[in-house]
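Q: Predicted structure and sequence below. I'll ask about it afterward.
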Amino acid sequence: MQEFNDFAIKNYNQFCENKITERRFKHKDLIPLIQKLESFFEIKKIGKSFENREIFRIKVGSGKTKILLWSQMHGNESVATLAILDILNFFKNPDHQKLIQNISLYFIPMLNPDGAEKFKRRNAQDIDLNRDALRQSAPESRILLEQIAELKPDFGFNLHDQEIYYGVEKTSKNTNIAFLAPAYNYEKSINESRKKSMQVIVSMNNRLQKIIPNSVAKYSDAFMPNAFGDNIQKLGTSTILIESGYSKADTERQFIRKLNFISIIEALYSIENKFYMQENIDNYFQIPANRKDAFFDYLLKNVTIQKNNKKYKTDIGISRNKADREDFTDYEKDFLIWEIGDLSNYNGFEEIDLEGKIITDNEGKIMKMKKADFLLNKI
């Protein structure tokens, strides 16, 4: 059989779990898919959420090197949970499990099922689990740390989503995937554990650059004393953060889901064969920074505004209202004006050059940063 990473990636559509193709799904949607895996893998109930929803751990393989992957620590960051289902579908084939003789995989999909219920970041206590590594006020936080203590994993994958408006520094590309080898102290020291994280990230980035050139970024490594990734790195587990970004028009992030699958499969291949050890960490530092708020949904360039018989030229950045609907089924559909001024350092998913177009704003709607519908209607 050809290299298993090449095979898995080439045949991704065979393994993609098609029962869920949207980001907003709940614990009750996940349970039947986990139950279907019981005849293939060791599945263990490892605890309950604050609202008593079961949290599961799924084991694949029996090798010496232990890898723990957890997703949906934030309830509205669900892309990697779907990628985990795809990876498990790949390993349902016993022949594929033989390809990871040196590693044991432990998956915790949907660590925060209560947050997923309302598609919100925090858990039912309104605690951000990723800032609860020290106090451990949430049962979900304690469950994860218990697993770290029990398994003592060699590698940990902390799987998240990020907002769609991030961009790759010094490019016009928005971030499809961001990686990070979290710091374990304020000095951002590099010990052997963190070095391994960086080396595995280089392996993943090498693969992704062939698919999405210049669309991978490096997440900020500012040390956060109460964050999980930083503390797990500190405990000696080589920790890797993956932030699922956005690709234009991929509203449900199904392409980004595939990129998660590709990244993790590549990492497993590299770890299984110890190829990551040959990677130079200088290449980790060459990955461009992940720039926040680099994009707008609409970027209106060279807009001439006429107000009280005076004219001035500006740019206008418009993005959707980021608030959830009351029933949590979707975001609000209206758009807001987020920024006015010289926006030449920004990008838009849609960019419209309005050179020569005059928009009258005697009522001051634009400067009051109100809903942008009236402005979009004018163009």
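A: That came through fine. Numbering: from 1, shown residues only.
Q: Doesn't Tyr106 belong to a strand?
A: Yes - counting by DSSP: H, G, I helix; E, B strand; the rest coil, one finds Tyr106 located in a strand.
Q: Show me this protein divided up by domain.
A: Listed by automatic domain parsing, the domain ranges of the chain are 4-291, 295-378.
Q: so can I have CSV of those showing mean pLDDT?
A: Listed next are these as CSV, based on pLDDT from 0 to 100:
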stretch, mean pLDDT
domain 4-291, 97
domain 295-378, 85
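Q: Reformat those as CSV; add mean neighbour count.
A: C-beta coordinates here come from the backbone N, C-alpha and C atoms, glycine included. Below are these laid out as CSV (neighbours: other Cβ atoms under 10 Å):
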stretch, mean neighbour count
domain 4-291, 19
domain 295-378, 15
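Q: helix, strand or coil for Ile55?
A: strand.
Q: so what's it bridging to?
A: Note on Ile55: beta-bridge partners by DSSP bridges are Gly47.
Q: Surely Arg121 touches Asp128?
A: Yes - using Cβ atoms under 8 Å, Arg121 is in contact with Asp128, at 6.5 Å.
Q: where do the contact lists of those two overlap?
A: His74 (Cβ atoms under 8 Å, 6 or more residues apart in numbering).
Q: List the residues that contact Arg121.
A: 74-77, 115, 128.
Q: Check Gly356 too.
A: Contacts for Gly356 (Cβ under 8 Å, 6+ apart) come out as Thr304.
Q: how near is it to Gly317?
A: Applying Cβ to Cβ, to the nearest Å, the value for Gly356 to Gly317 is 20 Å.
Q: which residues sit against stretch 218-227?
A: Looking at stretch 218-227 with Cβ under 8 Å, 6+ apart, the contacting residues turn out to be 130-135, 178-186, 188, 230-231, 241, 243, 284-285, 287-290.
Q: Next step: those residues restricted to strands.
A: Residues from the contacts of stretch 218-227 lying in strands, with DSSP state E as the criterion: 178-180, 241, 243, 290.
Q: Asn205: which of those residues is nearest?
A: Using Cβ to Cβ, Phe179 comes nearest to Asn205 of the ones in strands among the contacts of stretch 218-227, at 6.7 Å.
Q: For Pro182, see how far away the residue lying closest to that closest one once chain neighbours are set aside is.
A: Excluding the flanking residues, the one nearest Phe179 by Cβ to Cβ, 6 or more residues apart in numbering is Ile201, at 4.5 Å. Per Cβ to Cβ, Ile201 is found 11 Å from Pro182.
Q: again with Met198
A: Met198 sits 11 Å away from Pro182, taking Cβ to Cβ as the criterion.
Q: Please apply the same query to Gly245.
A: Applying Cβ to Cβ to Gly245 and Pro182 gives a distance of 18 Å.
Q: same deal with Ser197?
A: 8 Å.
Q: where do the contact lists of the two overlap?
A: 233, 239.
Q: circling back: possible to save the ones in strands among the contacts of stretch 218-227 as a markdown table with distance to Phe25?
A: Listed next are these as a markdown table, based on distance: Cβ to Cβ, whole Å:
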| residue | distance to Phe25 |
| --- | --- |
| Ala178 | 23 |
| Phe179 | 25 |
| Leu180 | 26 |
| Leu241 | 23 |
| Glu243 | 20 |
| Asn290 | 26 |
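Q: Among the residues you listed, which pair sits farthest apart?
A: Leu241 and Asn290 (10.6 Å).
Q: Quickly list what's touching both of the two.
A: 178, 219.
Q: Would you mind measuring from the residue nearest to Phe4 when sequence neighbours are not counted to Gly63?
A: In space, and not counting its chain neighbours, Phe4 is closest to Leu99: 4.2 Å by Cβ to Cβ, 6+ apart. Taking Cβ to Cβ as the measure, Leu99 and Gly63 are separated by 11 Å.
Q: which residues do the two both contact?
A: With Cβ under 8 Å, 6+ apart, Leu99 and Gly63 have common neighbours Glu272.
Q: the strands in the stretch 1-150 of the chain, which residues?
A: Assigned by DSSP state E, counting those that start in this stretch, the strands in the stretch 1-150 of the chain fall at 42-48, 54-60, 65-71, 103-108.
Q: The third one pairs with which strands, and in what direction?
A: Spelled out, it's strand 65-71. strand 103-108 (parallel), strand 155-161 (parallel).
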